[in-house]
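Engineer: Coordinates for the following, if possible.
(one chain, ligands or ions: 1)
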Amino acid sequence: MWKNWSGNQTAEAPVAQPRSAEQLQALLRDTGDVLRPVGAGHSFTPLVTGHGQILRLDQIDKPVVISSDPGRARVNANARLHQLSAALGAQGQAFRNLGDINVQSLAGAMSTATHGTGRELPCLAAEMTGAQLLSGTGEVIEITKEDLPGMQVSLGLLGVLLEIELNTVPAFNLRRRVGVRPVEEMLSRMHEKWAEHRCYEFFILPHSAKGVQVTHDVTDDAVGKAPIDLDALGLQMMKLFSALRHVHPKLHKAALALMLKLQGEESFVGESWRVLSTTRNMRFNEMEYHLPPSEVEAVLREITGLVATRHTEVWFPIEIRQTAGDTAWLSPFQNGPRVSVAVHMHAGQDHSGFFRDCEAVFRSAGGRPHWGKLHSLQRRDLEELYPDLGKFDALRARLDPQDRFLSPALAKLFRP
Ligand SMILES: Cc1cc2nc3c(=O)[nH]c(=O)nc-3n(C[C@H](O)[C@H](O)[C@H](O)COP(=O)(O)OP(=O)(O)OC[C@H]3O[C@@H](n4cnc5c(N)ncnc54)[C@H](O)[C@@H]3O)c2cc1C
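Structural biologist: Residues are numbered from 1 along each chain as shown. Got it, this is the predicted structure:
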């Protein structure tokens, strides 16, 4: 049985593992099944599951980097971000920005508008400048400039991405600084921090009035020794302490305060891709909405209010980042920067009530959801939020006229 990273999506569907475009073409020709491409299976939404077959694409026989010039590379769409980062690094190039982890496939990450943080830094999909696609009609085509804004964020609905051409930047080092701050200070200074630092994000730690801020800035300083990753230990401790909250609230607060005291300030230098992404071992489910920047403070006050009153069971940190705007038709960042607020719950907890209440707050602030993270949008909501949805529908009708890549769950959203 196939399941995604957190285990909230499962499928009995057969998993095909083609090794070439020809084998993919044969699959398309010889079965009538709906085919759903999968990357690393790190999305929480039902993008891959449904009827038909799942297409694992990590065995497609292609070099990781196919060709490169300064500022531009053509790569294997199904390579993982860490493989690509290492291969580009060997040629003196790098991704402009990355998210929290780097195990996703490039096609998977771009298809859902995966992002990192930085006021001037767009999501990964906005870096796509060209692509080779096996369309629903069985042809291997090069995406034209006109169709590119449809392809950049496309949820595997247009066909199978085989190669991607993207913008790169010269390889660079980043200094990462991590420190604990009062939530009030982070709320009042976040916009200043986004202006000051290349990458800025912060985490609000429930029930502590404290948070952790992380900055990344370009430096010529030499690469140093990475400190031990304490994030995983911190999460384990927060999980353990959460059991104390109802029986001994004072002890719970004291334990959290002690943990934060021990955190100290961290500062080290590394190659950009090694510093930006870390490992996430503890399984969780997540909802993330991308909001107009002017709305974020009020939204965060409402969400922290919910955690303090109606959803005291929540102990997972709330993550806040910013991403620059772009022009992709289905990009949540279309037409201007957005601040992303991500709420998480441990995979063993029931997240439905908390996420439902958060979603109401996000929606009323004009938020658009991350395509790979939990949301309950319907077709009519997409029509409201995405002015270019009709252009995407038309492109899908041209590239996949027989709905070979449209599962029942996706048909509810993408069949006009
Ligand atoms: C621990 C964790 C940390 C995360 N951190 C971040 C983060 O920092 N920032 C962020 O924005 N998101 C983050 N995410 C979400 C994640 O980046 C996205 O859900 C991303 O899409 C997952 O990539 P994947 O390779 O697993 O793709 P999958 O989830 O496997 O697939 C995603 C979509 O891509 C399509 N697809 C895959 N391959 C192809 C192909 N070859 N051709 C066409 N379509 C294809 C699939 O059909 C599907 O619609 C995180 C998720 C987890 C579990």
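
Engineer: Quick check: R177 vs the ligand, distance?
Structural biologist: For R177, the distance to the ligand (CB to the nearest ligand atom, to the nearest Å) stands at 18 Å. Quick note: C-beta positions are derived from backbone N, CA and C, even for glycine.

Engineer: ugh, typo on my part, it should be V314
Structural biologist: Using CB to the nearest ligand atom, V314 is found at 18 Å from the ligand.

Engineer: can you pull the pLDDT of that residue?
Structural biologist: V314 carries a pLDDT value of 95.

Engineer: how far away is P369 from the ligand?
Structural biologist: 11 Å.

Engineer: F203 now?
Structural biologist: 12 Å.

Engineer: Could I get the contacting residues of that residue?
Structural biologist: 211-214, 317-320 (CB atoms under 8 Å, 6 or more residues apart in numbering).

Engineer: three-state assignment of the closest residue to the ligand within the stretch 151-300 of the chain?
Structural biologist: Per CB to the nearest ligand atom, G156 is where the stretch 151-300 of the chain lies closest to the ligand, at 2.5 Å. The three-state label given to G156 by DSSP: H, G, I helix; E, B strand; the rest coil is coil.

Engineer: Go ahead and flag the most central residue of the protein.
Structural biologist: For the chain, the residue nearest the mean C-alpha position is T114 (3.5 Å; CA atoms, centre = their mean).

Engineer: ranges for the helices of the stretch 201-350 of the chain?
Structural biologist: Using DSSP state H, counting those that start in this stretch, the helices of the stretch 201-350 of the chain run over 231-242, 244-247, 249-263, 272-276, 296-308.

Engineer: How about the stretch 1-150 of the chain?
Structural biologist: 21-30, 81-90, 106-111, 148-151.

Engineer: quick one, phi/psi of the residue of the stretch 151-300 of the chain closest to the ligand?
Structural biologist: Torsion angles at G156 (phi, psi; degrees, to the nearest 10) stand at phi 70, psi 20.

Engineer: Could you double-check that it sits in contact with M110?
Structural biologist: No - checked against CB atoms under 8 Å, the pair G156 and M110 is beyond contact range at 10.6 Å.

Engineer: Comparing the two, which residue is more hemmed in?
Structural biologist: Relative neighbour count places M110 above the other of G156 and M110, with 27 against 23, counting by other CB atoms under 10 Å.

Engineer: buried stuff in the helix or strand bottoming out on mean pLDDT in the chain?
Structural biologist: The weakest-scoring helix or strand in the chain, judged by mean pLDDT, DSSP states H and E, is helix 244-247 (a mean of 78). Judged by neighbour count (16 or more other CB atoms under 10 Å), helix 244-247 contains these buried residues: 244-245.

Engineer: contact partners of that helix?
Structural biologist: 207, 251-252, 255, 312, 315.

Engineer: let's see 10 Å
Structural biologist: By CB atoms under 10 Å, 6 or more residues apart in numbering, the residues outside helix 244-247 that reach it are 206-207, 250-256, 312-313, 315.

Engineer: how about TSV for the residues you listed, with neighbour count added?
Structural biologist: Shown next, in TSV, are the contacts of helix 244-247 (neighbours: other CB atoms under 10 Å):
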residue	neighbour count
P206	23
H207	19
K250	8
L251	12
H252	19
K253	16
A254	13
A255	19
L256	23
T312	15
E313	17
W315	24
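
Engineer: Rebuild those as a markdown table, extending it with distance to T278.
Structural biologist: Shown next, in a markdown table, are these (distance: CB to CB, whole Å):
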| residue | distance to T278 |
| --- | --- |
| P206 | 20 |
| H207 | 24 |
| K250 | 32 |
| L251 | 30 |
| H252 | 26 |
| K253 | 27 |
| A254 | 28 |
| A255 | 24 |
| L256 | 22 |
| T312 | 28 |
| E313 | 26 |
| W315 | 20 |
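
Engineer: Tell me which two of these sit farthest apart.
Structural biologist: With CB to CB as the measure, no two of these lie farther apart than A254 and E313, at 19.7 Å.

Engineer: for the ligand, what are the nearby residues on the chain?
Structural biologist: Taking CB under 6 Å from any ligand atom as the measure of proximity, the chain contacts the ligand at 5, 36-43, 47-48, 57, 77-78, 99-101, 104-105, 107-109, 111-112, 114-115, 155-156, 160-161, 280, 370, 372.

Engineer: Test my guess that I60 contacts N78.
Structural biologist: Yes - using CB atoms under 10 Å, I60 makes contact with N78 at a distance of 5.5 Å.

Engineer: the more surrounded of these two?
Structural biologist: Remark: of I60 and N78, N78 carries more neighbours, 27 against 21, as counted by other CB under 10 Å.

Engineer: for the more buried one, what are its contacts?
Structural biologist: Contact analysis of N78 by CB under 10 Å, 6+ apart lists 37-40, 55-60, 62, 64, 105-108, 160-164.

Engineer: Can you select the buried ones from those residues in PyMOL?
Structural biologist: When burial is assessed using 16+ other CB under 10 Å, the buried subset of the contacts of N78 is captured in PyMOL by this command:
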select buried, resi 37+38+39+40+55+56+57+60+62+64+105+106+107+108+160+161+162+163+164
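
Engineer: Surely V223 and R274 touch.
Structural biologist: Yes - with contact defined as CB under 10 Å, V223 reaches R274; the gap is 8.4 Å.

Engineer: What ranges does the stretch 251-400 of the chain have for its strands?
Structural biologist: Secondary structure of the stretch 251-400 of the chain (DSSP state E, counting those that start in this stretch): strands located at 266-271, 284-291, 318-323, 338-346, 368-369.

Engineer: okay, those in TSV with mean neighbour count and mean pLDDT next?
Structural biologist: Rendered in TSV, the data for the strands of the stretch 251-400 of the chain read as follows (neighbours: other CB atoms under 10 Å; pLDDT from 0 to 100):
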stretch	mean neighbour count	mean pLDDT
strand 266-271	16	94
strand 284-291	23	98
strand 318-323	24	98
strand 338-346	25	97
strand 368-369	24	98
